[in-house]
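> Give me coordinates for this.
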Amino acid sequence: MASKINDMGNEVVEGFACKPKNFDPNRPIMHYKYMIFLCSDERCAKAHKTQKAEELRELLKTMGLNKGKNRIKIARSFCFGACRFRGVAHITQNSDTELKNHALWLRATHTFSLEKWQEIFKTLRDDKELHDVLEQKDFIPMKVYE
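Just a heads-up that it's a prediction; the model follows:
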């Protein structure tokens, strides 16, 4: 059986998706242009009803956005404390680019189709603003409470 190679070009330990056989503690992490944190805690996970992170990672692979200078990373997180918005996602942008879509919060992402996610990914790849392609209802506003 041929060895599995992860996105960073490392041979992977059998039974793992990306764990490298030869661990190098000084190797830099893989660059990303954007990281999208998906809440996978109890309430949001129930809203998704699927393994949304894995589906989106596969979509990114088909779009060629799983590595390279336009890489978008999907990470699962625990509760953001915004359960009333179900399916919460938080977008952070790497600071080595102009911050157009940094610190954005999306709501009800469990209702987003794969086509809508594809549009989101294309927008991020092309350095356009998500406010131009998503509706205002898709965003969670923030406010400082005194």
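
> how about the strands in this structure?
When assigned using DSSP state E, the strands of the chain occupy the ranges 34-39, 72-77, 89-93, 104-106.

> possible to save the ones you listed as CSV with distance to Glu119 and mean pLDDT?
C-betas here are computed from N, CA, C, even on glycine. What follows is the strands of the chain, written out as CSV (distance: least, CB to CB, whole Å; pLDDT from 0 to 100):
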stretch, distance to Glu119, mean pLDDT
strand 34-39, 14, 93
strand 72-77, 13, 93
strand 89-93, 14, 94
strand 104-106, 13, 95
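
> Please identify which of those is closest to Leu65.
strand 72-77 (4.9 Å; CB to CB).

> okay, the angle between that closest one and strand 34-39?
Here strand 72-77 runs at an angle of 30 degrees relative to strand 34-39 (axes from the mean of the first three to the mean of the last three CA atoms, to 10 degrees).

> And the contacts of strand 72-77?
30, 32-41, 53, 56-57, 60, 65-66, 90, 121, 124-125 (CB atoms under 8 Å, 6 or more residues apart in numbering).

> Could I have the buried ones of the residues you listed as ChimeraX selection syntax?
Selecting only the buried entries of those in ChimeraX, with 16 or more other CB atoms under 10 Å as the criterion:
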select :32,33,34,36,37,38,39,40,53,56,57,60,65,66,90,121,124,125
